[in-house]
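S.K.: kindly return the folded structure for what I paste below:
(one chain, ligands or ions: 1)
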Amino acid sequence: MRFDIITLFPPIFAGYLTQSLLAKAIDRGLVEIHIHDLREWSTDLKHHKIDDRPYGGGPGMLICVPPVVHCVEAVQQMSEQPGVVVVMTPQGDRLDQRRVEHMARFDRMILLCGRYEGFDQRVIDILNPIELSVGDYVLNGGEVASMVVVDSTVRMIPGVLGDEKSSWDDSFSRGNRYLESPQYTRPPEFRGHSVPEVLLSGDHQRIADWRTAEATKKTRLRRNDLFKSEGG
Ligand code: ADE
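M.R.: Predicted coordinates for the structure are as follows:
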């Protein structure tokens, strides 16, 4: 799977791309990530400005349409595989596991990270992207949101996780509507807190029943909405 990320702040991605699962997936050729600096498509050769004041007044600055459209067109040409264009914005459809599983089937995504007050509307009208939000709160830009998209989709790619069962069992995966039951590892006792006896029993059926009961209890307590919602 190939990701092209268009951003005004390429260095933000440096650490993220070199660590852990993602770095391994890149090393093993399962994932490709290319970062593109939007400023390189600025028509202002002197200051590389890409933003301007909104027509009609209002606070802040907007990202102008020409550099974004030129950049996306150029990035599309960098691979034969056409990329699905995704704009990260708090106004977008809310990302959830169902959508992650859908997007994990794309061969290529071009993620556009907004900044300031967002994009000129014509970016949306011309590129006709998927508009995606990672939650009902406002981030300083789309960079962290785009990392959420990359992180959540790459773990669905076969071979990225060491043990494929680990994403299979995830909360929310495949329409799973249960939060996970509590998990424990050694030591069996710490500061008076003991591991539930059933987990040490070796009785697989009792353990499975306990986990189901705990997951149900936790979900009911914290996310009763999951039982009511369709599919997700
Ligand atoms: N940019 C700023 N806030 C965002 C959000 N919640 N989701 C996606 N992109 C954003």
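S.K.: list the buried residues of stretch 175-185.
M.R.: Asn176, Arg177, Tyr178, Leu179, Ser181 (16 or more other C-beta atoms under 10 Å). For glycine as for every other residue, the C-beta is placed from the backbone atoms N, C-alpha and C.
S.K.: of those, list those near the ligand.
M.R.: For the ligand, no contacts are drawn from those by C-beta under 6 Å from any ligand atom.
S.K.: mind putting those in JSON lines, distance to Tyr137 and secondary structure included?
M.R.: Formatted as JSON lines, those follow (distance: C-beta to C-beta, whole Å; DSSP: H, G, I helix; E, B strand; the rest coil):
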{"residue": "Asn176", "distance to Tyr137": "25", "secondary structure": "coil"}
{"residue": "Arg177", "distance to Tyr137": "23", "secondary structure": "coil"}
{"residue": "Tyr178", "distance to Tyr137": "25", "secondary structure": "coil"}
{"residue": "Leu179", "distance to Tyr137": "21", "secondary structure": "coil"}
{"residue": "Ser181", "distance to Tyr137": "28", "secondary structure": "coil"}
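S.K.: between those residues, which is nearest the ligand?
M.R.: Lowest distance from the ligand to these (C-beta to the nearest ligand atom) belongs to Leu179, with 22.2 Å.
S.K.: circling back: switch the buried residues of stretch 175-185 over to a markdown table; also include pLDDT.
M.R.: Shown next, in a markdown table, are the buried residues of stretch 175-185 (pLDDT from 0 to 100):
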| residue | pLDDT |
| --- | --- |
| Asn176 | 79 |
| Arg177 | 81 |
| Tyr178 | 91 |
| Leu179 | 94 |
| Ser181 | 95 |
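S.K.: work out the gap between the lengthiest helix in the chain and the centre of the chain.
M.R.: Among the segments of the chain that qualify as a helix by DSSP state H, the longest is helix 204-222. When C-alpha coordinates are averaged (C-alpha atoms, centre = their mean, to the nearest Å), helix 204-222 and its chain have centres 28 Å apart.
S.K.: can you name the element that comes right after the one helix or strand in the chain whose mean pLDDT sits lowest?
M.R.: When each helix and strand of the chain is scored by mean pLDDT, DSSP states H and E, helix 165-168 comes last, with a mean of 69. Note on helix 165-168: by DSSP states H and E, the next helix or strand toward the C-terminus is strand 189-190.
S.K.: mind listing what that next one pairs with, with the direction of each?
M.R.: Pairing partners of strand 189-190, with direction, according to DSSP bridges: strand 193-194 (antiparallel).
S.K.: just the mean pLDDT for the partner strand, thanks.
M.R.: Across strand 193-194, the average pLDDT comes to 98.
S.K.: residues contacting the residue nearest the centre of the chain?
M.R.: Centroid-nearest residue in the chain: Val149, 1.7 Å away (criterion: C-alpha atoms, centre = their mean). Shown in contact with Val149 (C-beta atoms under 8 Å, 6 or more residues apart in numbering): Val86, Met88, Leu95, Val100, Met103, Met109, Leu111, Leu132, Val134.
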